[in-house]
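Colleague: structure of the sequence below:
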Amino acid sequence: MSRSIPIKALPRAGADGSRADSVRRVVYERALELFDSKGFRATSMNDIADACGVSKPAIYHYYRNKSHLLETLYEDVTVKFFKTQETLAH
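Modeller: Residues are numbered from 1 along each chain as shown. Below is the predicted model of the structure:
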């Protein structure tokens with residue numbers, strides 16, 4: 001599991017909210033790693049929080065629940081799919 005940048009080490013946010021986006025991305029990537037290794041059902045929000053080195057309430061600040069993480073994955077996959085299709089069509 002990659003732990004390149006601890007969430008607590010990310011720079012504090014400026015007016016653009018870049019820290020929130022960075023934290024969201026780290027949580028998302030670590031959750032995906034856990035889903036891949038343990039499966040979606042076997043992965044708990046506690047597991048995700050532990051992998052991120054933060055409390056479970058901190059995870060809920062960025063994602064409503066585990067299903068919200070899965071919805072985000074589907075959105076990413078769908079966007080990538082259509083971008084690839086568009087590229088291939090041209």
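
Colleague: now do the helices in this structure.
Modeller: Secondary structure of the chain (DSSP state H): helices at 18-38, 45-52, 56-62, 66-89.

Colleague: in CSV, list these along with distance to residue 9.
Modeller: (Each C-beta comes from the backbone N, C-alpha and C, glycine too.) Listed next are those as CSV, based on distance: least, Cβ to Cβ, whole Å:
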stretch, distance to residue 9
helix 18-38, 10
helix 45-52, 12
helix 56-62, 14
helix 66-89, 22
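
Colleague: can you redo those as a markdown table with mean pLDDT and distance to residue 10?
Modeller: Output for these, formatted as a markdown table (pLDDT from 0 to 100; distance: least, Cβ to Cβ, whole Å):
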| stretch | mean pLDDT | distance to residue 10 |
| --- | --- | --- |
| helix 18-38 | 92 | 5 |
| helix 45-52 | 96 | 11 |
| helix 56-62 | 94 | 12 |
| helix 66-89 | 92 | 19 |
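
Colleague: adding distance to residue 7 and mean neighbour count, write those helices out as a markdown table.
Modeller: Formatted as a markdown table, the helices of the chain follow (distance: least, Cβ to Cβ, whole Å; neighbours: other Cβ atoms under 10 Å):
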| stretch | distance to residue 7 | mean neighbour count |
| --- | --- | --- |
| helix 18-38 | 5 | 17 |
| helix 45-52 | 5 | 18 |
| helix 56-62 | 8 | 15 |
| helix 66-89 | 15 | 12 |
